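would you be able to build a 3D model of this:
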Amino acid sequence: MIFGSKKNKQENDIEEQTEYTFRPFHETYRWIATTLTLGLMYPNPATDRTRLILIVASLLMMQPVIVFILIDMYMCWLKRDIFNIIRHSTIIGPFLGAFFKMLLMYYKRVQVKELIDEMNRDYSSYNQLPRHCRAVAAAGVRASVTHTERLWAPLVGIAIMAFPGVAVVGTLCSHVFAAAPQRYMVHDLNRPFREPEARFDSPYFETLFLLMFAGAIICVFNYTSYDGLFGLMTRHACLKMSIYCLRLHDGFRSDEPDELYRRLMEFIREQGRMFRFGALIQDAFNIWLGTILISTMIQVGSLLFHISAGYGFDLRYMLFSVCSVVHILLPCKNAANLKMMSMDTATLVYCCGWERTSCKRVRRMIPFLIARAQRPIRIMAFYMFQYDMELFVNIMRTSYSMFTLLRS
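Residues are numbered from 1 along each chain as shown. The predicted structure is shown next:
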């Protein structure tokens with residue numbers, strides 16, 4: 001007996017007894033769907049008008065914070081206080097980016113709804129697949145849940161909520177242990193045209209604290225859901241290709257020419273839907289991808305300058321820096337995986353066992369399937385810059401160059 005074979009047999013028996021059931025998007029990715037809804041970005045036609053009103057109302061509610069930061073940046077510019085200008089810019093940029101994504105998602109709501117509907121259609125069809133195909137699909141869904149809801153979502157929450165968290169803990173500890181209690185703001189912001197100490201006066205301090213805390217919650221919802229949705233869609237595109245290639249491989253095991261031809265036509269239809277799905281991803285997210293391409297170059301360089309400026313270690317900005325790097329790494333990695341998988345489908349088609357059939361009409365179609373599969377699916381920013389790991393390296397190099405320029 002081979003060592004470990006009994007254990008492997010037990011694991012295989014458990015695997016065979018496992019039931020794979022695929023549910024709709026909002027049930028499979030509950031946290032992403034919830035944050036999309038709370039972030040006013042879930043593409044539901046019945047709530048379009050309400051969402052637009054709430055987006056505008058939220059933006060108006062945050063106007064005092066935005067205006068006060070811009071005024072303070074201008075005052076810092078007059079005093080040539082570069083450090084505080086950069087400190088404000090690293091916060092106001094992502095903060096405005098959250099509202100930009102709200103409006104962008106509303107503008108692209110039709111395309112995003114088509115993406116979610118296509119995912120729901122695929123999950124419904126996966127319930128009818130053979131067991132080994134459902135196992136592959138289930139593994140893909142589990143990986144998507146892990147990367148988006150168990151890795152990306154906590155990282156965003158920790159990095160953003162560190163700002164109000166540190167402010168609350170610092171204020172409480174100061175009032176409990178310090179002889180002269182001190183207040184701490186979520187983001188330190190002077191009161192316009194007043195002395196610096198006036199920022200701690202009531203009700204200015206309490207009002208700004210509540211607005212900034214609400215802004216942090218909005219950013220958590222937006223960055224978790226929008227960026228997580230892009231990751232889910234690119235991963236689902238890879239899963240679609242894996243499934244229809246696996247189905248084609250199963251089809252060539254059949255000795256019936258009609259059944260084989262039916263599987264071949266099914267492959268062609270699914271391949272066409274896949275290219276349509278990829279085009280929708282490109283259309284729905286290309287503006288956002290181009291925006292973060294430019295903003296991340298500035299953001300990472302500015303954060304590096306802030307951390308190394310000699311004002312002491314700040315945990316909040318360290319976490320924010322890590323999150324900013326991961327924020328651009330994930331779309332680059334997901335887009336690179338999508339491109340690689342789309343190119344690998346040509347090899348998977350060639351290795352599907354077509355040589356076992358003698359049906360001429362099937363054999364004549366194989367070269368066209370391979371040729372069509374050799375066209376890679378590329379995710380572009382502004383339809384100009386291709387997202388892949390090489391782009392990520394270039395962004396990091398540019399960010400470091402900007403950091404060097406600021407430090408000099």
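
so residue 80 sits in a strand?
No. If the criterion is DSSP: H, G, I helix; E, B strand; the rest coil, then residue 80 is coil and not within a strand.

longest helix in the chain, by residue count?
Ranked by residue count, the top helix of the chain under DSSP state H comes out as helix 257-307.

and it, what does it pack onto?
helix 82-107, helix 109-126, helix 204-251, helix 315-350, helix 360-373, strand 380-381, helix 389-407 (3 or more Cβ pairs under 8 Å, 6 or more residues apart in numbering; DSSP states H and E). All C-beta atoms are positioned from the backbone trio N, CA, C, and that covers glycine.

out of these, which is closest to residue 280?
Among these, helix 109-126 comes nearest to residue 280, with 5.3 Å by Cβ to Cβ.

for that closest one, buried residues please.
Buried residues in helix 109-126, counted by 16 or more other Cβ atoms under 10 Å: 109, 111-116, 118-120, 122-123, 126.

relative to residue 316, which of these is nearest.
Using Cβ to Cβ, residue 112 is the member of those that lies nearest residue 316, at 31.8 Å.

could you find the closest non-adjacent residue to residue 162?
Leaving aside its chain neighbours, residue 162 sits nearest to residue 316 (4.7 Å; criterion: Cβ to Cβ, 6 or more residues apart in numbering).

measure that neighbour to residue 297 for me?
21 Å (Cβ to Cβ, to the nearest Å).

so what's residue 349 up against?
245, 248, 366, 369-370, 373 (Cβ atoms under 8 Å, 6 or more residues apart in numbering).

could you rerun that using 6 Å?
With Cβ atoms under 6 Å, 6 or more residues apart in numbering as the criterion, the residues that contact residue 349 are 369-370, 373.

please pick the buried ones from these.
Buried members of those, counted by 16+ other Cβ under 10 Å: 369-370, 373.

if we can go back for a sec, and the furthest pair within the buried residues of helix 109-126?
The span of the buried residues of helix 109-126, defined through Cβ to Cβ, is set by 109 and 126 at 25.8 Å.

the longest helix of the chain: how far from the chain's middle?
Centroid separation for helix 257-307 versus its chain: 11 Å, with Cα atoms, centre = their mean, to the nearest Å.

let me see the mean pLDDT of that helix.
Mean pLDDT, helix 257-307: 92.

then stretch 65-82?
Across stretch 65-82, the average pLDDT comes to 93.

in which helix or strand would I find the nearest residue to residue 102 once chain neighbours are set aside?
Computed as Cβ to Cβ, 6+ apart, the closest residue to residue 102 that is not its neighbour in sequence is residue 55, at 4.8 Å. Per DSSP states H and E: residue 55 is located in helix 48-61.

return the alpha-carbon coordinates of that helix using CSV.
What follows is helix 48-61 as a C-alpha-only set of coordinates in CSV (Å, rounded to 0.1, in the frame of the first residue of the first chain):
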residue,chain,number,x,y,z
ASP,A,48,-31.6,55.1,-10.3
ARG,A,49,-33.3,58.3,-9.4
THR,A,50,-33.0,57.8,-5.7
ARG,A,51,-29.3,56.9,-6.0
LEU,A,52,-28.6,60.1,-8.0
ILE,A,53,-30.3,62.3,-5.5
LEU,A,54,-28.4,60.6,-2.6
ILE,A,55,-25.1,60.9,-4.4
VAL,A,56,-25.6,64.7,-4.9
ALA,A,57,-26.8,65.1,-1.3
SER,A,58,-23.8,63.3,0.0
LEU,A,59,-21.5,65.4,-2.1
LEU,A,60,-23.2,68.6,-0.8
MET,A,61,-23.0,67.4,2.8
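
where does the stretch 1-150 of the chain dip in pLDDT?
The stretch 1-150 of the chain contains residues with pLDDT under 70 at 1-18.

what does stretch 241-248 contact?
Defining contact as Cβ under 6 Å, 6+ apart, one finds that stretch 241-248 is touched by 133, 267, 270, 341, 345, 348, 352.

for the nearest residue to residue 304 once chain neighbours are set aside, the count of nearby residues, please.
Excluding its sequence neighbours, the residue lying closest to residue 304 (Cβ to Cβ, 6+ apart) is residue 403, at 4.2 Å. By other Cβ atoms under 10 Å, the residues close to residue 403 number 19.
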